[in-house]
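Colleague: curious how this folds, go ahead:
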Amino acid sequence: MIRSSLGSLVRKAPMVPVLIIILVVFSIISRGFLSVFSIQSILLDASVLTVAALGGMLVFLVSGIDLSVGATVAGASVTAAIVGQLTHNPGLSLGSALLIGGVIGAINGALIGFAKFVPFIVTLAMLLVVTALAYLAAAAYSGQGATAGSVPMLDSILAFGQGVTFGLPNLFPTVIVAVIVIALVLYFTRFGRQIRLVGQNEDAARFNGLNVPLIKFFVYTLAGVLSGIAGCLLGMRLGAGNPAGGDSLLLQVITAVIIGGTTLLGGHGGAIRTLFGALVIVALTQGLSTIGFQFWDQNIVLGFVILLGTQIGRLWGTSSRTA
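Modeller: Numbering: from 1, shown residues only. Alright, predicted model coming up:
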């Protein structure tokens, strides 16, 4: 029974063994790698990446791509910070981030789903526009002219976001809830089945009476909302809304989704897989940093991780693709 359960876990989350190996290896190389502070730091960084990657995973499921995810996360963090400073209302601050993320996602979804624009072109254009607007908004609020500065988050939000409960960062339960909700939607709802069918065969989906443009619209909108949530988490993590905060996030999101076992061709993937893909990326990045690797060295390693992780996902993840 135990062996069967472990096999089922590996099939649903093929990065689990990889994560264990990374933790063991770096704990041997660097004595402080598995300290409480280090684990909390991994969970904090994984919180932002996982929520953003969940949106990327949903877009991949419908054979799409979202290059604007990093810009949306950064823009949402700036929005939350500015609205919070202007209103001193935590609810409006966080709600504004979700709203701006949803609006960006809805624009992407409308252009891709209804207007039939190419996802790569639409989201690349959105990346440039949102990045520029985030810098302009931060610069205008901070009064630094053409120089964009960070905008501090509300103290009440930071007190929660940077706090720890029972040894776990307060942000991490948000990730668990998001993973569970997305997994339930994909596995148990009609909408989840429709998403997978559109990704597997768009013509067959139309033949079965599905409104493919509308499904794509909702998927991109939901991905935008998830990016808005990730923006809130990023602002809490950094202590401020920063227009440059999502610069490295796009490649990390794509990497986490791919090594998590979501296929580029669409139709197959899952939330649990994506969570462990994100944990692998963050643990590996922090482990390499502790032993002195620079970011260019880390990118080389991550390139090999993408290649190996994709193959591991194919070997171990063929029998359970929706968790």
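Colleague: just give the nearest non-adjacent residue to the spatially most central residue of the chain, would you?
Modeller: The chain has Ala52 as the residue nearest its centroid, 1.9 Å off, counting by C-alpha atoms, centre = their mean. Of all residues not flanking Ala52 in the chain, Ala230 sits nearest, at 4.0 Å (C-beta to C-beta, 6 or more residues apart in numbering). Heads up, the C-betas are built off the backbone N, CA and C, glycines and all.
Colleague: surely that neighbour meets Ala76?
Modeller: Yes - counting by C-beta atoms under 8 Å, Ala230 touches Ala76, with 7.3 Å between them.
Colleague: burial of Leu99, as a residue count?
Modeller: 18 (other C-beta atoms under 10 Å).
Colleague: one step back: can you tell me the element the residue nearest to Ala52 falls in?
Modeller: Applying DSSP states H and E as the criterion places Ala230 in helix 212-238.
Colleague: what's the answer for Ile20, then?
Modeller: With DSSP H and E as the criterion, Ile20 is inside helix 16-29.
Colleague: so which elements touch that helix?
Modeller: Contact here means 3 or more C-beta pairs under 8 Å, 6 or more residues apart in numbering; DSSP states H and E; on that basis helix 16-29 packs against helix 2-12, helix 271-290.
Colleague: hey, least reliable of those by pLDDT?
Modeller: Among the helices and strands packed on helix 16-29, helix 2-12 carries the lowest mean pLDDT, at a mean of 55.
Colleague: roughly how far apart are Ala74 and Thr50?
Modeller: 17 Å (C-beta to C-beta, to the nearest Å).
Colleague: out of those two, which sits in the more crowded spot?
Modeller: Using other C-beta under 10 Å, the more surrounded residue of Ala74 and Thr50 is Thr50, with 32 against 28.
Colleague: doesn't the more buried one lie inside a helix?
Modeller: Yes - under DSSP: H, G, I helix; E, B strand; the rest coil, Thr50 falls within a helix.
Colleague: now it. Nearest residue, chain neighbours left out?
Modeller: Nearest one to Thr50, counting by C-beta to C-beta, 6+ apart, is Ala278 at 4.2 Å.
Colleague: wait, the one you found touches Leu49, no?
Modeller: Yes - judged on C-beta under 8 Å, Ala278 makes contact with Leu49 at a distance of 4.4 Å.
Colleague: can you count the residues close to Val181?
Modeller: By other C-beta under 10 Å, neighbour count at Val181 equals 12.
Colleague: which strand or helix spans it?
Modeller: Going by DSSP H and E, Val181 is part of helix 172-188.
Colleague: tell me the buried residues in that helix?
Modeller: Phe172, Thr174, Val175, Ala178, Val179, Ile182, Ala183, Val185, Leu186 (16 or more other C-beta atoms under 10 Å).
Colleague: so can I have JSON lines of those residues showing pLDDT and distance to Gly192?
Modeller: Listed next are the buried residues of helix 172-188 as JSON lines, based on pLDDT from 0 to 100; distance: C-beta to C-beta, whole Å:
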{"residue": "Phe172", "pLDDT": "91", "distance to Gly192": "24"}
{"residue": "Thr174", "pLDDT": "89", "distance to Gly192": "21"}
{"residue": "Val175", "pLDDT": "93", "distance to Gly192": "19"}
{"residue": "Ala178", "pLDDT": "95", "distance to Gly192": "15"}
{"residue": "Val179", "pLDDT": "95", "distance to Gly192": "14"}
{"residue": "Ile182", "pLDDT": "96", "distance to Gly192": "9"}
{"residue": "Ala183", "pLDDT": "94", "distance to Gly192": "9"}
{"residue": "Val185", "pLDDT": "94", "distance to Gly192": "5"}
{"residue": "Leu186", "pLDDT": "93", "distance to Gly192": "4"}
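Colleague: next, format those residues as TSV and append distance to Gly224.
Modeller: TSV is the format used below for the buried residues of helix 172-188 (distance: C-beta to C-beta, whole Å):
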residue	distance to Gly224
Phe172	22
Thr174	17
Val175	18
Ala178	14
Val179	18
Ile182	14
Ala183	20
Val185	16
Leu186	18
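Colleague: and those residues, which is closest to Ala140?
Modeller: Checking these against Ala140 with C-beta to C-beta, the nearest one is Thr174 at 29.7 Å.
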